[in-house]
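Chemist: got a sequence here, can you model it:
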Amino acid sequence: MERSKQIVKTSVIGIAVNLVLVAFKMAVGLLSGSIAVILDGVNNLTDSLSSLITIAGTRLADRAPDKAHPYGYGRIEYVSSITVAVIILLAGLTAFREAFDKTLHPTPANYSAASLVIIAVAVGAKLALGRYVKAAGERYHSQALAASGADALMDAAISLSTLVTAGVSIAFSVSIEGVLGVVISVFILKAGVEILLDSLNSIIGARVDSSLSAELKKFICKYPPVLGAYDLSLHQYGPERLIGSVHIELPDDMTAREIHGLTRQMTEDVYKTFGIVLTVGIYASNTAGEVFAGMKRALSDLVREYPQVLQMHGFYVDTEKKLVYFDLIIDFKAEDKEKIKDDIIRRMKERFGEYTFIAVLDGDVSE
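Modeler: Presented below is the predicted three-dimensional model:
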């Protein structure tokens, strides 16, 4: 709830500042006949609308999980970001059309000293607002807020270029309003595309941040019986809700009671530390026998001959059934993962003929 309050507070401040800028820029643009200033004001208006959508999306995403949506409504924030992107793109297209027409049929603008002062103040205001909003977006993991902040910083640069254009117009009596308007519209379109791609990437299912997965695995492996952590998979149901699973490797002589106590404590600690709801699976590791160790070394050496194989784990030998289990993680770029797996199995079978080898291909989903 505190996160939502801060996002709403930041968005309200953004709306207030942008509406003031809209009023001043529209007045300056209409009085001076500057299409660039008018389009800059329109851009500020879309920023205000974007902030309203961010507030609505944050409020809806805060709804508690229910039977229809047991993982909550957090992904609504991504939908609101997409809506913001569409609004920005529409504004950019409209601005481009108007500016292009102004380029073909230029008319001189008439800037007053007061209008130049207002534009200069707008540059400072958007610069301060952009830094504030972007920092808040990063702090509270809000894509829409961070994008609004970056957009505001871009607006400051655009307003600064408007001042330069005014200086050129006053000094040389040359109108480059249309050209500047085209440049502004291109920047608006660029911002919209970036927000849209980031939001779609989150909905599709982006790869978990490598630093987070490495830190989480290190945290899990600190428990004394754990020999390794593998197959970490995290799914995001909103910026602040992660649900996932991991396999840990444990000695095969541990009892069910011991494993139960370990995994319960581990999942509680992970939730308290990372806020992640984690399900823990088990890989058993042979605890005795040089034969097993030698076989594992042979497999590890063999796997190193295949650069496409990123990792081998989950190695276990069932002596009664003469079965050997292991998992392989193969690079996404590999053309034929099954062929690589079958080739490794064949070569191990040639060396340890009395055993049957069973390999599972895991996805390279983290780190």
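Chemist: give the buried residues for the helix-or-strand element of the chain with minimal mean pLDDT.
Modeler: Here the helix or strand of the chain ranked lowest by mean pLDDT, DSSP states H and E is helix 143-172, holding a mean of 72. Judged by neighbour count (16 or more other CB atoms under 10 Å), helix 143-172 contains these buried residues: 143-156, 158-162, 165-166, 169. Using the backbone N, CA and C atoms, a C-beta is placed for each residue, glycine as well.
Chemist: again with stretch 218-233
Modeler: Across stretch 218-233, burial judged by 16+ other CB under 10 Å covers I220, V226, A229, Y230, D231, L232, S233.
Chemist: which secondary structure elements does the least confident helix or strand of the chain sit against?
Modeler: If contacts are counted by 3 or more CB pairs under 8 Å, 6 or more residues apart in numbering; DSSP states H and E, helix 143-172 sits against helix 2-32, helix 35-61, helix 76-104, helix 113-139, helix 177-204.
Chemist: highest average neighbour count across the ones you listed?
Modeler: Among those, the stretch with the highest mean neighbour count (mean count of other CB atoms under 10 Å) is helix 35-61, at a mean of 23.
Chemist: report pLDDT for the closest residue to A95 other than its chain neighbours.
Modeler: Using CB to CB, 6 or more residues apart in numbering and skipping residues adjacent in sequence, the residue nearest A95 is S185, 3.8 Å away. The model reports S185 with a pLDDT of 77.
Chemist: oh, and call the first residue 814 from now on, that's how I've got it
Modeler: Let's use 814 as the start, then, which means that last one is S998.
Chemist: just to check, S998 is in contact with D914?
Modeler: No: counting by CB atoms under 8 Å, S998 stays clear of D914, with 11.6 Å between them.
Chemist: stretch 1082-1101: end-to-end distance?
Modeler: One end of stretch 1082-1101 sits 31 Å from the other (CA to CA, to the nearest Å).
Chemist: per-residue confidence averaged over that stretch?
Modeler: For stretch 1082-1101, the mean per-residue pLDDT is 91.
Chemist: show me the contact partners of it.
Modeler: Under the contact criterion CB atoms under 8 Å, 6 or more residues apart in numbering, stretch 1082-1101 has outside partners 1025, 1029, 1032-1033, 1040-1041, 1043-1044, 1047, 1053-1066, 1072, 1076, 1079-1080, 1105-1106, 1126-1130.
Chemist: ok, now with 6 Å
Modeler: With contact meaning CB atoms under 6 Å, 6 or more residues apart in numbering, stretch 1082-1101 is reached by 1040, 1055-1060, 1062-1066, 1076, 1080, 1105, 1127, 1129-1130.
Chemist: ok, now stretch 1053-1061?
Modeler: Counting by CB under 6 Å, 6+ apart, 885, 887, 1039, 1042-1049, 1089-1094, 1096 sit against stretch 1053-1061.
Chemist: what of stretch 1038-1047?
Modeler: 1021, 1026, 1030, 1033-1034, 1055, 1057-1063, 1098, 1126, 1175, 1178-1179.
Chemist: in helices only, show me the residues you listed.
Modeler: S1026, K1030, I1033 (DSSP state H).
Chemist: distance of the second one relative to H1126?
Modeler: Shown here: K1030 relative to H1126, a distance of 12 Å by CB to CB, to the nearest Å.
Chemist: before we move on, what about the last one?
Modeler: Plainly put, I1033 is 14 Å away from H1126 if you go by CB to CB.
Chemist: ok, back up a step: of all the helices and strands packed on helix 956-985, which one is nearest D1156?
Modeler: D1156 lies closest to helix 990-1017 among those, at 32.4 Å (CB to CB).
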